[in-house]
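Student: predicted structure and sequence below. I'll ask about it afterward.
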Amino acid sequence: MAARSQLNSEFFPTDDECRSLVARILASPEFQRATRLRAFLNYVVERKLAGAPEDVSEVLIGHRVFGRSPAYSPGEDSIVRTEARTLRQRLERYFAGEGADEPIILEIPRGGYLPVFRPRSEPEPADVPKKPAGATLDGLPLPLLSRRQWFGVGGSAIGLSGLALLTWHKASFAVRTKASVAAGRSADIRLESSDPKLNLAFERARERALACVFTDDPVGEWYASNRDNRAFCMRDTAHESMGAALLGLFSHSRNMLRRFAASVAASRDWCSYWIITKDGFPSPFEYRSDSDFSYALPANFDLVRACHQQLLWTGDREYLDPVFTNFYDCTVSRYVAAWDSDHDGVMEARRDRPRVTASYNQQAPFFLTGADLVAAQYGAYLAYAGIQEIKGGPGSLSQQIAREYRAKASALRTRFNSEWWDPIANRFHTGLMPDRSWSDAYIAPCNVYPLKFGIPEDGPKAEAALNLMEESHPAFASTYSYYPEVLYQHERNEAAYRHLLEIADPGFSGYHMAETAYAAIGSLGFGMMGIAPNAPQSMVKTMPRLPKSLAWVRLSNIPVSRNQITVEHRGLGETRFTNQAGAPLTWKIGFPVPASDNSAGIFVDGTAAPKLTLENHPNRQPVIFAQVPVNPGETRVAKLVV
């Protein structure tokens with residue numbers, strides 16, 4: 001008798017019923033001569049019946065069913081996605097024709113490869129959310145912001161391009177979305193946890209992020225910050241690229257980042273294009289000519305950081321090619337010089353470029369220099385140093401340049417924490433006005449971005465900045481979507497988790513924005529799970545940042561370079577790491593330990609790990625680390641011992 005699984009409440013017949021149904025399907029004319037589809041269907045069903053859903057991933061199907069090497073890249077070889085589309089179509093035809101009387105239906109839902117069995121009387125599982133009241137034709141809610149609000153959101157990243165392009169034909173959008181989801185590696189990643197709210201939040205965020213992924217436009221592969229946009233913005237791309245890495249959108253991010261890198265030009269004082277359309281041109285609403293264009297000066301710096309993060313995640317050497325290298329070099333040198341009118345090392349806005357702002361805040365008050373600009377410059381110097389360290393070995397010119405820019409970053413940080421700190425108000429100044437007076441009006445980007453870029457020194461100043469951020473709710477959802485990432489970065493796990501669930505909830509004002517969805521995914525993977533790859537060194541670092549209410553969480557089928565991994569945390573003291581496919585990896589295991597405990601250790605697979613290291617930061621919990629190798633197909637379990 002068919003039963004319902006206690007694990008996931010899915011209708012589940014007996015093994016014999018499953019195999020009998022599959023035998024009838026494979027005996028039908030649709031499948032008799034389809035050798036590859038027969039093998040595909042048999043494999044995914046048998047792995048499900050064996051209780052091994054982790055084996056039903058794109059990489060493993062490509063390897064075990066279609067004979068690809070264990071280290072093959074699904075991003076370069078789409079055989080599994082192509083065959084999956086055909087398999088779904090033939091299953092639909094079978095159950096509509098020869099199998100019309102079958103009491104049980106077998107499906108491979110879009111977004112994954114794990115088969116689902118359901119009684120014919122149950123409604124079909126939806127691949128996209130149900131259409132709510134007031135939704136558009138494609139089932140996603142329209143923005144609920146006024147015209148005035150749209151012009152404020154994200155400077156112009158979302159508002160201007162979204163308003164101008166709301167006439168995009170809906171049928172075209174639906175076709176593009178379907179094609180791009182099928183073409184991406186993003187369908188693989190899965191999240192399970194002890195909190196149903198988190199599970200639902202992740203699935204919603206993933207669905208909304210994928211709804212803004214496109215592959216068949218003249219600009220190439222890309223993703224938008226809002227489903228109604230036909231363009232992508234520098235700030236949004238830098239922000240979204242974190243979540244996009246977890247979704248496996250490697251080629252999409254590289255294409256978008258390259259477009260911005262290639263657009264840097266001396267005629268615009270080394271600014272890139274602020275927004276690029278799906279046709280590969282600068283947005284006409286931001287760019288009129290090389291002497292009249294809209295821009296936010298932190299953007300070049302933000303993009304350098306995003307490129308460095310993608311390089312660490314993917315190991316893709318294209319981030320070191322002449323186009324990217326020219327952009328990095330120009331940004332940290334010529335760009336700074338062109339906008340540093342008083343030659344003090346800090347950039348300023350200029351009267352001859354009235355539409356270029358010295359902050360991500362592109363509304364009044366207009367600063368001479370914004371706190372977020374100084375912080376972005378600091379972050380870019382560190383990222384540039386990191387890129388140089390990857391480029392050259394010990395004693396090389398690249399290593400010398402890396403040391404130079406780490407020193408520049410350190411000097412800028414010292415200066416910011418001294419000059420920009422107001423001891424009376426116990427906070428950092430928001431910006432420097434054109435008359436060189438300080439502005440202390442609360443401007444969200446100028447308070448949140450410095451924490452994101454890490455320029456406040458650990459200790460009382462950083463704590464005060466974090467407290468101010470938590471006490472203040474920004475007017476625009478785009479800035480608020482940074483909250484979980486920043487709070488996890490500073491190990492405020494409880495608050496970060498609360499904000500993560502908030503930005504992923506349908507009631508959140510920015511829920512319709514894909515930028516919010518990418519932010520939720522990114523803060524979950526980089527923040528809560530503490531996953532930090534260093535692909536050039538074949539290393540992946542993890543550290544749990546679970547709130548007390550979350551007993552366990554598992555993120556599986558994570559694409560890292562050419563590997564696929566699974567990370568599972570149980571509380572703050574146990575982590576399970578699986579190298580599902582790819583090359584051998586070094587796992588850098590991190591656990592937070594009590595500040596007063598000097599005897600903490602890490603056991604891996606029941607054996608004490610050697611060569612432990614301890615990191616201490618003011619006002620933060622110490623973290624203990626160990627490193628162990630993990631071979632392809634191997635799972636290792638680490639536990640904190642105190």
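Tutor: Looks like it arrived, so ask away. Residues are numbered from 1 along each chain as shown.
Student: what segments of the stretch 301-450 of the chain are helices?
Tutor: Remark: helices assigned in the stretch 301-450 of the chain by DSSP state H, counting those that start in this stretch are 322-330, 336-339, 371-391, 397-419, 444-453.
Student: which of the ones you listed sits closest to residue 55?
Tutor: Comparing the helices of the stretch 301-450 of the chain by their distance to residue 55 (CB to CB), the top pick is helix 371-391, with 33.6 Å. C-betas here are computed from N, CA, C, even on glycine.
Student: roughly how far apart are the residue positioned nearest the centre of the chain and residue 540?
Tutor: When CA atoms, centre = their mean is applied to the chain, the residue found nearest the centroid is residue 243 (1.1 Å). Separation of residue 243 from residue 540 (CB to CB, to the nearest Å): 17 Å.
Student: what's near enough to touch the closest residue to residue 477 other than its chain neighbours?
Tutor: Nearest non-adjacent residue to residue 477, counting by CB to CB, 6 or more residues apart in numbering: residue 510, 2.4 Å away. The contact partners of residue 510, taken as CB atoms under 8 Å, 6 or more residues apart in numbering, are 476-478, 480-481, 503, 516.
Student: and residue 311, by the same measure?
Tutor: By CB under 8 Å, 6+ apart, the neighbours of residue 311 are 319-320, 387, 390, 535-536.
Student: tell me the one of these nearest residue 188?
Tutor: Distances from residue 188 to the contacts of residue 311, taken by CB to CB, are shortest for residue 535, at 17.7 Å.
Student: my guess is that closest one contacts residue 314, does it?
Tutor: Yes: the pair residue 535 / residue 314 is scored as a contact, 5.8 Å apart, by CB atoms under 8 Å.
Student: give me the more crowded residue out of these two.
Tutor: residue 314 (24 against 20; other CB atoms under 10 Å).
Student: contact partners for the more buried one?
Tutor: Residue 314 neighbours (CB under 8 Å, 6+ apart): 245, 250, 254, 535, 561.
Student: list residues touching both of residue 535 and residue 314?
Tutor: Counting by CB under 8 Å, 6+ apart, the residues touching both residue 535 and residue 314 are residue 561.
Student: what residues of stretch 50-61 count as buried?
Tutor: Within stretch 50-61, the residues scored as buried using 16 or more other CB atoms under 10 Å are 53-61.
Student: can you give me the end-to-end span of it?
Tutor: Start to finish, the residues bounding stretch 50-61 are 15 Å apart (CA to CA, to the nearest Å).
Student: next one: that stretch to chain centre, how far?
Tutor: Here the centre of stretch 50-61 is set off from its chain's centre by 23 Å, with CA atoms, centre = their mean, to the nearest Å.
Student: can you give the contact residues for that stretch?
Tutor: Applying CB under 8 Å, 6+ apart, the contact partners of stretch 50-61 are 40, 43-44, 47-48, 64, 70, 72, 74, 80-81, 112-114, 185, 187-188, 556-557, 564, 566, 578, 580-582.
Student: drop anything exposed from those.
Tutor: The neighbour count (16+ other CB under 10 Å) marks 40, 43-44, 47-48, 70, 72, 74, 80-81, 112-114, 185, 187-188, 556-557, 564, 566, 578, 580-582 as buried among the contacts of stretch 50-61.
Student: what average pLDDT does stretch 629-642 get?
Tutor: Taken as a whole, stretch 629-642 has a mean pLDDT of 96.
Student: returning to what we had before: can you name the two of the buried residues of stretch 50-61 that are farthest apart?
Tutor: 53 and 59 (14.2 Å).
Student: so residue 429 touches residue 442, yeah?
Tutor: No: taking contacts as CB under 8 Å, residue 429 lies outside contact range of residue 442: 11.4 Å.
Student: for residue 613, see how far away the residue sitting furthest away from the middle of the chain is.
Tutor: Distance from the centre of the chain peaks at residue 101, with 44.3 Å (CA atoms, centre = their mean). In this view, residue 101 and residue 613 are 65 Å apart by CB to CB.
Student: cool, residue 43 as well?
Tutor: Applying CB to CB to residue 43 and residue 613 gives a distance of 42 Å.
Student: do residue 263 as well
Tutor: 42 Å.
Student: again, but for residue 554
Tutor: In terms of CB to CB, residue 554 sits 26 Å off from residue 613.
Student: check which element follows the strand or helix carrying residue 17 along the chain.
Tutor: In the assignment (DSSP states H and E), residue 17 maps to helix 15-26. Remark: after helix 15-26, the chain's next helix or strand is helix 35-49, criterion DSSP H and E.
Student: all helices of the stretch 451-600 of the chain, in order?
Tutor: Using DSSP H, counting those that start in this stretch, helices in the stretch 451-600 of the chain cover 460-471, 477-480, 483-489, 493-503, 514-522.
Student: reformat those into a markdown table and put mean pLDDT next to each item.
Tutor: Shown next, in a markdown table, are the helices of the stretch 451-600 of the chain (pLDDT from 0 to 100):
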| stretch | mean pLDDT |
| --- | --- |
| helix 460-471 | 94 |
| helix 477-480 | 86 |
| helix 483-489 | 95 |
| helix 493-503 | 96 |
| helix 514-522 | 95 |
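Student: between the ones you listed, which gets nearest to residue 23?
Tutor: helix 514-522 (39.5 Å).
Student: now the closest one: buried residues?
Tutor: In helix 514-522, counting by 16+ other CB under 10 Å, buried: 514-522.
Student: and the two most separated of the residues you listed?
Tutor: Greatest spatial distance among the buried residues of helix 514-522 (CB to CB): 514 and 522, at 12.1 Å.
Student: common neighbours of those two, please.
Tutor: The contact lists of residue 514 and residue 522 share residue 240, where a contact means CB under 8 Å, 6+ apart.
Student: what about residue 468, how many neighbours?
Tutor: Neighbour tally, residue 468, other CB under 10 Å: 17.
Student: then the one 3 residues further on?
Tutor: Per other CB under 10 Å, the neighbour tally for residue 471 reads 8.
Student: element containing residue 628?
Tutor: Short version, using DSSP H and E: residue 628 is in strand 623-630.
Student: neighbouring strands - and their directions - for that strand?
Tutor: strand 585-592 (antiparallel), strand 613-615 (antiparallel) (DSSP bridges).
Student: could I get the average pLDDT for the longest one?
Tutor: Predicted confidence along strand 585-592 averages 97 (mean pLDDT).
Student: before we move on, what about the last one?
Tutor: Along strand 613-615, the predicted local confidence has a mean pLDDT of 89.
Student: same deal with stretch 529-537?
Tutor: 97.
Student: for stretch 307-321, same thing?
Tutor: Rounded mean pLDDT across stretch 307-321 is 97.
Student: and for stretch 354-372?
Tutor: Mean predicted confidence for stretch 354-372 is 94.
Student: understood, closing this out.
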